[in-house]
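J.: I'd like to go over a predicted model; first the sequence, then the structure.
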Amino acid sequence: MANITSEVTSLVKTMAPGHAERWSDARIKSAVHMADMAICESSEFLWLSSVIDLSDGEMTYTLPSDAIEVRSVEYSRDGLVYDTLLRQTTLDELDRISNQWEMDSGTGPEYYMLLSARGIASLSKILIWRPISVTGGEKIRVNYYGYRTNADDMDSADLPRDIISRAYLPYALSMLTVDYDLELADQYMAEFNRNIDQVRSRYNHPFIERLGGVNDLS
Amino acid sequence: MTLAELKTRFWELYGGSALIYPQVSAMLDPVVNAGIRALAEDSECLVKSGTITCTAGTQEYSLPEDCSKVLRVSYDEEKIKPVSKWTLQSVVQDGWDRFEGHPRHYYLDGLNRKIGLYHIPSVSTTVGGEFAIGLYYVAVPVSAAPDWEITSLPGWAHQYVLFYTLREVYRSLHSGRDLRRAHFYHMLYLHGERRLKVRSSAPIARSYEMRETEYEGRSTWPAFYPRHIEES
């Protein structure tokens, strides 16, 4: 395991000794963050959770802005024990249940639906059905694949070294070299595209437990 | 990523600054906004819900400014069905634009960005929100503050707006025109557009009915299989 930004910075300076002075550490960090967003999105390995307090009669809630894809939604009556898994549904399916589903309320939700692509700040929503008329500490826990929203979040991010050198390094080098050597940037991007499948297959192995996030894979 | 951060990254990748390339700098705002809209429109990543207030005796209402496709319409929180204006005119004939009552159908006048109700509502929307039109619709960013526009895309997709901007700048008619670089960024943008399209379509909950079959008079159905498998 190694820190992503430090490892890429060190490798960039080793691999391109003649050009390393072109790029400040901040510029490399920015390129690494761009790589991180692309890799998190395509490989889905950053496993995160967010707890949302339910309100009286409220059907829609805002999703976390660092979400890429929601994988499961759990419901807790007391806000402590999450013992019910909600089923994902669609507008059409809710309409088949009842034309007036928006008017319904109950003692606990059974279904959830997602509005907008995940990760749009304040506009990505989760709709739960049926909403609870009078709440008393009920919560839902949204488990999702996410990404690091700020470049500064990269400072404490660690990954196995081979993942960094196979995926992060070529993407970052492509972004760093594109303004003066297009062929080189194109080659690095091709290398990234070839390697990203290996990264994806490694993290999406069906028998890997992800409860502790990517650090459990070390 | 804010708009300012996106511009900073643009200059990192372009190699230079607004002082050195004032012509490029002047292009940035409109091109970035066009990139955001192109990505949002192509991927249909924004789905919103909203209401339209009704007035007794009025048949047609303006759709929200940011509405590009209507997904579901309800009246007084009950789903109403789509019908074409032509069907109303041919089936109901001379009364379709006069009959008042409780609306059960709606039609869309796409050119004029209107939604019409049939029957025409006989009561106005109350202060509490009863008797209003409820909408679920695909939204697109509209001309507003630029930072609102950038926040109408997922954060991980902001860099694809950057690639769109670089593509447009490199293929525009100015002294720094470079079609090979424009092509490089075009491919990166297309990749991002595909990814956002995939992410914008939430997996649809489906259920499968497994059917028992027979082979030479014997059931091929394993005893331990459930009859109905649900996938969500």
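T.: The structure has been received and is ready for your questions. Numbering: from 1, shown residues only, chains lettered A, B, ... in the order given.
J.: Would you mind finding the longest strand in chain B?
T.: Assignment by DSSP state E gives strand B:67-75 as the longest strand of chain B.
J.: got the residue ranges for the helices in the chain?
T.: All of this is about chain A. A:4-15, A:25-43, A:91-97, A:161-163, A:169-177, A:182-203 (DSSP state H).
J.: my question was about chain B
T.: Using DSSP H, helices in chain B cover B:3-14, B:22-43, B:85-87, B:146-150, B:158-171, B:179-200.
J.: what about the first one and chain A, touching?
T.: Read that as helix B:3-14. Yes: applying CB under 8 Å from any CB of the partner chain, one finds helix B:3-14 touching chain A at B:Thr8, B:Arg9, B:Glu12, B:Leu13, B:Tyr14. (Glycine included, C-beta is placed from N, CA and C.)
J.: And the buried ones among the residues you listed, selectable in ChimeraX?
T.: Buried members of the residues of helix B:3-14 next to chain A can be picked out in ChimeraX with the line below, counting by 16 or more other CB atoms under 10 Å in any protein chain shown:
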select /B:9,12,13,14
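J.: Of the residues of helix B:3-14 next to chain A, which is the nearest to A:Glu93?
T.: B:Arg9 (40.9 Å; CB to CB).
J.: Can you pull up the most central residue in chain A?
T.: A:Gly146 (1.4 Å; CA atoms, centre = their mean).
J.: Buried residues, stretch A:65-79. List them.
T.: A:Ser65, A:Asp66, A:Ala67, A:Ile68, A:Glu69, A:Val70, A:Arg71, A:Val73, A:Glu74, A:Tyr75, A:Ser76, A:Arg77.
J.: who touches the closest residue to the first one other than its chain neighbours in this structure?
T.: By the measure of CB to CB, 6 or more residues apart in numbering or on different chains, the closest residue to A:Ser65 outside its immediate chain neighbours is A:Ala121, 4.0 Å from it. In this structure, A:Ala121 makes contact with A:Ser65, B:Thr151, B:Gly155, judged by CB atoms under 8 Å, 6 or more residues apart in numbering or on different chains.
J.: swap in B:Ser200?
T.: A:Ser116, A:Ala117, B:Ser43, B:Glu44, B:Cys45.
J.: Give me the local confidence score for it.
T.: Looking at B:Ser200, its pLDDT reads 86.
J.: do B:Leu6 as well
T.: Looking at B:Leu6, its pLDDT is 88.
J.: lowest-pLDDT helix or strand in chain B?
T.: Least confident helix or strand of chain B, by mean pLDDT, DSSP states H and E, is strand B:206-209 with a mean of 45.
J.: Surely A:Thr89 and A:Met113 touch.
T.: Yes: contact criterion CB atoms under 8 Å: A:Thr89 and A:Met113 qualify, at 5.2 Å.
J.: Now for the spatially closest residue to B:Ser43 that is not a sequence neighbour, how many residues are close by?
T.: The shortest distance from B:Ser43 to any non-neighbouring residue, by CB to CB, 6+ apart, is to B:Leu196 (4.0 Å). A count of nearby residues for B:Leu196, using other CB atoms under 10 Å in any protein chain shown, gives 22.
J.: mind listing what B:Leu196 touches?
T.: Applying CB under 8 Å, 6+ apart, the residues near B:Leu196 are A:Ala117, B:Leu39, B:Asp42, B:Ser43, B:Cys45, B:Leu153, B:Pro154, B:Ala157, B:Tyr160.
J.: try 6 Å this time
T.: Contacts for B:Leu196 (CB atoms under 6 Å, 6 or more residues apart in numbering or on different chains) come out as B:Ser43, B:Cys45, B:Ala157.
J.: Same question for A:Ser116.
T.: So A:Ser116 contacts A:Leu123, A:Ser124, B:Leu46, B:Val47 (CB under 6 Å, 6+ apart).
J.: Dump those into CSV; add pLDDT and distance to A:Ser6 as well.
T.: Converted to CSV, the contacts of A:Ser116 look like this (pLDDT from 0 to 100; distance: CB to CB, whole Å):
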residue, pLDDT, distance to A:Ser6
A:Leu123, 87, 35
A:Ser124, 92, 32
B:Leu46, 90, 37
B:Val47, 90, 40
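J.: Okay, and which of those map to strands?
T.: Those of those lying in strands (DSSP E): B:Leu46, B:Val47.
J.: Just send the contacts of A:Ser116 back as CSV, with neighbour count too.
T.: CSV is the format used below for the contacts of A:Ser116 (neighbours: other CB atoms under 10 Å in any protein chain shown):
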residue, neighbour count
A:Leu123, 22
A:Ser124, 22
B:Leu46, 23
B:Val47, 23
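J.: Next, format the contacts of A:Ser116 as TSV and append distance to B:Asp76.
T.: Supplementary listing: these in TSV, determined by distance: CB to CB, whole Å:
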residue	distance to B:Asp76
A:Leu123	26
A:Ser124	28
B:Leu46	26
B:Val47	22
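J.: Tell me the one of the contacts of A:Ser116 nearest B:Tyr170?
T.: Nearest to B:Tyr170 among these, with distances taken as CB to CB, is B:Leu46, at 28.2 Å.
J.: Quickly list what the closest one is bridged to.
T.: B:Ala139 (DSSP bridges).
J.: now do A:Ile132
T.: Counting by DSSP bridges, the residues bridging with A:Ile132 are A:Gly106.
J.: Need the per-residue pLDDT for it.
T.: 93.
J.: which residues of chain B score low on pLDDT?
T.: Residues of chain B that meet the criterion pLDDT under 70 lie in B:143-149, B:202-232.
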